[in-house]
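Undergrad: Quick one, fold the following:
(one chain, ligands or ions: 1)
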Amino acid sequence: MAQEGLEEALNYFVFKHKGIYFQTDVTTPEVIDSLEHMEIRDSDVFLVTYPKSGTIWSQQVLNLIFHEGHRKGLEDINNMARAPWIEYNLYNINFDSRQSPRLFTSHLPYYLMPKDLRFKRGKIIYVCRNPKDAMVSFYHFYKLFSRLHVTLDLETFLDLFLSGRVICGSWFDHFRGWYTHKEDYNILFLTYEEMKKDLRSAVMKICNFVDIKLDDQAVDTIVEKSSFSTMRQDPLANYEFIPKDLLDFKKGDFLRKGTVGDWKNTMTVTQSEMFDRVYKEKMKDLPIKFLWDINDEEAGMLK
Ligand code: A3P
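TA: I've put the predicted structure just below:
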């Protein structure tokens, strides 16, 4: 049975545009539509993710790769200002006047991204996470939203997640869209799980992809500054700079657990089996293997 007040709270909290849900008050249909014609430079780098897949982690890595001042702790610029979300431009940054190379972040599905990217202008790093962990992380994250006036139980959130009624829509559609259109883009796929298993290798993969050569010491610094424990304490990276009327950090942290397999501590066996059935059906034609547990043998990498 649906939770009381659910529909009303969701209708206030999100709006639907071109097939997916966006948080009211952080963007508009006009902003989303305007991105189609955003001018792309060859040197642009876009970090694209479905929510709760390691976005702010990868953003930290990327910003540390590109900005020596960030690596050396010489600049007081937070990660969202360095690599702004194109669809929620909270600081009203004028993208056109930014110096190259520009870094951007986005949760958009492929079909709402700037069209120029399809002509292989710019580079995209798509980071994904096994969807059970992404769902559990999203479930906890929903408790932080100041403007969502209902606390969802896991059963309800799971239904919303599987039916794509959450912010950014269906995980399955997001992943499928990007994965099956990968030939159209200059794109590197990375997984949260491979970052977790071997962050240094993931940093090197990104460096190779964006053509940046760093010495061992710089790479060591990036790995250290991107660790869960360091990021949690770093005010430029832990996202506590987000206005309180959007996220209420009294109710939890952005950097919550940072592990692989937390879904096992949260989902019941019945919920997990139901998820597996949906996953199997929706992903059956994709040659993908996610890592569901950190001790699994498979590396959890995508080709
Ligand atoms: P959990 O809620 O499972 O802890 P996003 O940035 O896409 O919203 O993803 C948030 C998830 O990434 C959270 O997962 C958060 O803890 C995790 N995360 C953020 N920084 C991390 C890091 N340095 N190492 C591991 N996980 C990290």
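Undergrad: Residues of the stretch 51-200 of the chain that sit close to the ligand?
TA: 51-57, 133, 137, 140 (CB under 6 Å from any ligand atom). Backbone N, C-alpha and C define where each C-beta goes, glycine included.
Undergrad: Columns pLDDT and secondary structure on top of these, output as CSV?
TA: Shown next, in CSV, are those (pLDDT from 0 to 100; DSSP: H, G, I helix; E, B strand; the rest coil):
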residue, pLDDT, secondary structure
P51, 98, coil
K52, 98, coil
S53, 98, coil
G54, 98, coil
T55, 98, helix
I56, 98, helix
W57, 98, helix
D133, 98, helix
S137, 98, helix
H140, 98, helix
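Undergrad: Run through the residues that contact G69.
TA: With contacts taken as CB atoms under 8 Å, 6 or more residues apart in numbering, G69 has the following neighbours: 75, 77.
Undergrad: quick one: which helix or strand includes it?
TA: Here G69, judged by DSSP states H and E, is contained in helix 68-71.
Undergrad: In PyMOL, how would I select the buried members of the residues of the stretch 51-200 of the chain next to the ligand?
TA: Those of those that count as buried under 16 or more other CB atoms under 10 Å are selected in PyMOL with:
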select buried, resi 51+52+53+54+55+56+57+133+137+140
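Undergrad: Which of the residues of the stretch 51-200 of the chain next to the ligand sits closest to D215?
TA: W57 (22.6 Å; CB to CB).
Undergrad: Now that that closest one has come up, it's in contact with R232, right?
TA: No. Shown here, W57 and R232 do not form a contact pair, counting by CB atoms under 8 Å, at 11.1 Å.
Undergrad: just the strands in the stretch 51-200 of the chain please.
TA: 103-106, 123-128, 187-191 (DSSP state E, counting those that start in this stretch).
Undergrad: name the helices or strands packed onto the first one?
TA: Same thing as strand 103-106. The contact analysis (3 or more CB pairs under 8 Å, 6 or more residues apart in numbering; DSSP states H and E) places strand 103-106 against strand 45-49, helix 55-66.
Undergrad: Export these as CSV, with columns for distance to W171.
TA: Putting the helices and strands packed on strand 103-106 into CSV (distance: least, CB to CB, whole Å) gives the following:
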stretch, distance to W171
strand 45-49, 11
helix 55-66, 14
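Undergrad: for the strands of the stretch 51-200 of the chain, which one sits closest to A2?
TA: Proximity to A2, assessed across the strands of the stretch 51-200 of the chain by CB to CB, is greatest for strand 123-128 (29.6 Å).
Undergrad: which other helices and strands contact the closest one?
TA: strand 45-49, helix 55-66, strand 187-191, helix 192-197, helix 199-210.
Undergrad: Make JSON lines from the ones you listed and add distance to K225 to it.
TA: Formatted as JSON lines, those follow (distance: least, CB to CB, whole Å):
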{"stretch": "strand 45-49", "distance to K225": "17"}
{"stretch": "helix 55-66", "distance to K225": "6"}
{"stretch": "strand 187-191", "distance to K225": "18"}
{"stretch": "helix 192-197", "distance to K225": "14"}
{"stretch": "helix 199-210", "distance to K225": "11"}
